[in-house]
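Participant: Sequence and predicted structure are below.
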Amino acid sequence: MTGRTHAAVGIASAAALSLILNVKCSYVFFIGAAIGSLTPDIDLNNSTISKYLNKVIIAMSVILSIVLCVHLKPGIYNLQNHFISSGLFIISMASLISRLTGHRMFSHSLLGFGAFSYGIYILYRPIFAGFVVGYASHILIDLLNYQGEALVFPFKGSYSFRLCKAGGIMDKSMLVISIVVLITLMEKAKWSLQW
Ligand SMILES: [Zn+2]
């Protein structure tokens, strides 16, 4: 599936879930869903999220350097402690493992899902719920593709329903359906979005 389709499905899923659970929608929830729906394809060179990856890595390096400088004063123990519990560090490592293991491996597995979600939970909790919904929607709709997903990575096994390919008619249909569903849901709920 293309990045556009993943983002649209992720946001529509978040909207549907908000309506079902009757919770107030916030922009942050939808932003989280959009980020989560694009994150698994961090393992691709030409995906929507990867186009920004280099900038993200530079930004992360700068932030990590600042964290390093701040924590150098209290001593090496605190520094280690901070790094182990740092969401940024977890996300950076998960991104690196995703790139090294290849497409539809770590980042499309339950382990990767857990790692990225945990990193987000530590890093910025307000977007966590949306992120989880978006990420789950990505893994679910990628199951429709011909190319399987290593859901139980690092164990062997590739899972897919082999129904469509990225950019094909089903991909485009899902994009259109998601947008229609989103507009209908927003109309129905008469949502007033808040931060
Ligand atoms: Zn994917």
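Facilitator: Done, it's in.

Participant: Only C-alpha atoms from now on, for both contacts and neighbour counts.
Facilitator: Fine.

Participant: As a check, name the ranges of all helices in the protein.
Facilitator: 3-21, 27-38, 48-51, 53-72, 76-85, 87-101, 110-123, 128-142, 169-189 (DSSP state H).

Participant: Adding mean pLDDT, write those helices out as TSV.
Facilitator: Listed next are the helices of the chain as TSV, based on pLDDT from 0 to 100:
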stretch	mean pLDDT
helix 3-21	90
helix 27-38	91
helix 48-51	71
helix 53-72	66
helix 76-85	58
helix 87-101	86
helix 110-123	94
helix 128-142	95
helix 169-189	86
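
Participant: Of the ones you listed, which is nearest residue 148?
Facilitator: Residue 148 lies closest, by CA to CA, to one member of the helices of the chain: helix 128-142, at 8.0 Å.

Participant: Which neighbouring elements make contact with the closest one?
Facilitator: With contacts defined as 3 or more CA pairs under 8 Å, 6 or more residues apart in numbering; DSSP states H and E, helix 128-142 has these neighbours: helix 3-21, helix 27-38, helix 110-123.

Participant: Looking at the helices of the chain, which is nearest to residue 161?
Facilitator: Comparing the helices of the chain by their distance to residue 161 (CA to CA), the top pick is helix 128-142, with 9.1 Å.

Participant: and stretch 175-194, how far from the chain's centre?
Facilitator: Mean-position distance between stretch 175-194 and its chain equals 21 Å (CA atoms, centre = their mean, to the nearest Å).

Participant: which parts of that stretch are buried?
Facilitator: 175, 178-179, 181-182, 185-186 (16 or more other CA atoms under 10 Å).

Participant: For the protein, which residue occupies the most central location?
Facilitator: Centroid check for the chain by CA atoms, centre = their mean gives residue 36 as the closest residue, at 2.3 Å.

Participant: wait, it sits on residue 127?
Facilitator: No: if you go by CA atoms under 8 Å, residue 36 and residue 127 don't touch, sitting 9.1 Å apart.

Participant: what's near enough to touch residue 66?
Facilitator: By CA atoms under 8 Å, 6 or more residues apart in numbering, the contact list for residue 66 is empty.

Participant: when you give positions from now on, start the count at 14
Facilitator: Let's use 14 as the start, then, which means that last one is residue 79.
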